[in-house]
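Q: need coordinates for the below:
(one chain, ligands or ions: 1)
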Amino acid sequence: MYAADPPLVAGRLVDGVPELVDPSQPVASAFDLGLVRGDGIFETLLVRHGGVRALSAHLSRMSASAERLGMEALSRSAWASLAAACADGWPPEVEGVLKLVMTRGLDGLPGPATCLATLAPVLPETLRQRREGVGVRLLSLGVASDERARSPWLLGGTKSVSYAVNMAALRQAKADGAQDVVFMSTDGLVLEGPTSTVVWASGHCLHSPSLDSGILAGTTQAELFERAEHAGWATAAVPTTPVDLVAADAVWLVSSVRGAAAITSIDGTSRGDAGLTPTVHQLLDLVDH
Ligand code: PLP
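A: Numbering: from 1, shown residues only. As a prediction, this is how the structure comes out:
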């Protein structure tokens, strides 16, 4: 079910049962800890040709995020039903962004987690970046590459709703004339984008930064590497420096909705993609026939 022009869908879980709600109406309490403390988790998925992509991988990561935040365990079947209810009837020609959000519930009041979903069209700018790529700024995240592994309260590798720092970094990049960001550790290693995983090609090998730096395990990167291996590529997770990115044949920011966006400049210096982006889009099944 969706409201026309633009199509928007909202839903929630009530006692584990999916329910679609009027997308123009508020569904969260003013006391919700997701709103007042940024205390919750989320996932962002692509709806393409009417189907929800990689639902199982996203639900697995959401379960891991819930566990790391000490939140109640996820009912995978309830969330899968909510995702299906949202996508049901979505126009197949429109790519959609499905967000699943679970917060700790209400401040000071006993009760269950708040469980919401929204579905909206992918922004034209996101589709443009998939096609044409992005210029990036390298910006410090202010942590050493080994800090988040030994400090679990920093929530490395957890997809929490506390993304204000990530959004501020994107605004900084835009103020500097770029479109996106690659976060750096204080000891000079490449970490990740604010909403994406860094992937780089060198020879016939795809690389991404190692997970032990506390970056989020990307579902798109995992899927890309699996498919690339079947197609004869080597893959490796390695400590990565800016020198690696400059020397690479191609570098992408990969994520569920945008897919792979080629990095076309780093801190104002242009770089190419050796014609590899169509291959990566094909591996990710993002080519329209
Ligand atoms: N890293 C961060 C910090 C993200 O927020 C995201 C997605 O939003 C990703 C990586 C890419 O993850 P996925 O490929 O599962 O969308």
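
Q: so what's the one residue in the stretch 1-150 of the chain that gets nearest to the ligand up against?
A: For the stretch 1-150 of the chain, the nearest residue to the ligand under the criterion Cβ to the nearest ligand atom is T44, separated by 5.3 Å. All C-beta spots, glycine's among them, are computed from the backbone N, C-alpha and C. T44 makes contact with 97-99, 195, 255-257, according to Cβ atoms under 8 Å, 6 or more residues apart in numbering.

Q: partner residues bridging it?
A: Residues in a beta bridge with T44, per DSSP bridges, are K99.

Q: and it, how far is that from T219?
A: When Cβ to Cβ, to the nearest Å is applied, the distance between T44 and T219 equals 10 Å.

Q: any common contacting residues for those two?
A: Counting by Cβ under 8 Å, 6+ apart, the shared contacts of T44 and T219 are S256.

Q: all strands of this structure, in order?
A: Using DSSP state E, the strands assigned to the chain run over residues 9-14, 17-21, 40-48, 51-52, 96-103, 114-121, 134-140, 180-184, 197-202, 205-209, 234-238, 250-255, 259-266, 269-270.

Q: possible to save those as a markdown table with distance to C86 and mean pLDDT?
A: Putting those into a markdown table (distance: least, Cβ to Cβ, whole Å; pLDDT from 0 to 100) gives the following:
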| stretch | distance to C86 | mean pLDDT |
| --- | --- | --- |
| strand 9-14 | 5 | 97 |
| strand 17-21 | 7 | 97 |
| strand 40-48 | 8 | 98 |
| strand 51-52 | 8 | 97 |
| strand 96-103 | 6 | 98 |
| strand 114-121 | 5 | 98 |
| strand 134-140 | 28 | 98 |
| strand 180-184 | 27 | 98 |
| strand 197-202 | 25 | 98 |
| strand 205-209 | 30 | 98 |
| strand 234-238 | 33 | 98 |
| strand 250-255 | 20 | 98 |
| strand 259-266 | 21 | 98 |
| strand 269-270 | 40 | 98 |
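
Q: most tightly packed of the ones you listed?
A: Compared across the strands of the chain, strand 250-255 shows the largest average neighbour count, a mean of 27 (mean count of other Cβ atoms under 10 Å).

Q: which residues are in contact with it?
A: Contacts for strand 250-255 (Cβ under 8 Å, 6+ apart): 44, 134, 136, 180, 182, 193, 195-201, 218, 220-221, 224, 245, 260-263, 266, 271-274, 276-277, 280, 284.

Q: if we go to 7 Å?
A: With contact meaning Cβ atoms under 7 Å, 6 or more residues apart in numbering, strand 250-255 is reached by 134, 180, 193, 195-201, 218, 220-221, 224, 245, 260-263, 273-274, 276-277, 280.

Q: adjacent strands (with direction) for it?
A: In the sheet, strand 250-255 lines up against strand 197-202 (antiparallel), strand 259-266 (antiparallel) (DSSP bridges).

Q: distance to W90 for those - can I get that in JSON lines?
A: As requested, these are arranged in JSON lines below (distance: least, Cβ to Cβ, whole Å):
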{"stretch": "strand 197-202", "distance to W90": "26"}
{"stretch": "strand 259-266", "distance to W90": "18"}
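
Q: tell me which of these sits nearest to the ligand.
A: Closest to the ligand of the strands paired with strand 250-255 is strand 197-202 (Cβ to the nearest ligand atom; 4.5 Å).

Q: is the ligand within reach of the closest one?
A: Yes: using Cβ under 6 Å from any ligand atom, strand 197-202 reaches the ligand at T197.

Q: can you give me the angle that strand makes with strand 134-140?
A: 110 degrees (axes from the mean of the first three to the mean of the last three Cα atoms, to 10 degrees).

Q: relative to strand 234-238, how tilted is strand 197-202?
A: Between the direction of strand 197-202 and that of strand 234-238, the angle (the same axes, to 10 degrees) works out to 130 degrees.

Q: show me how far strand 197-202 is from its chain's centre.
A: Centroid separation between strand 197-202 and its chain, computed with Cα atoms, centre = their mean, to the nearest Å, is 16 Å.

Q: noted, bye for now.
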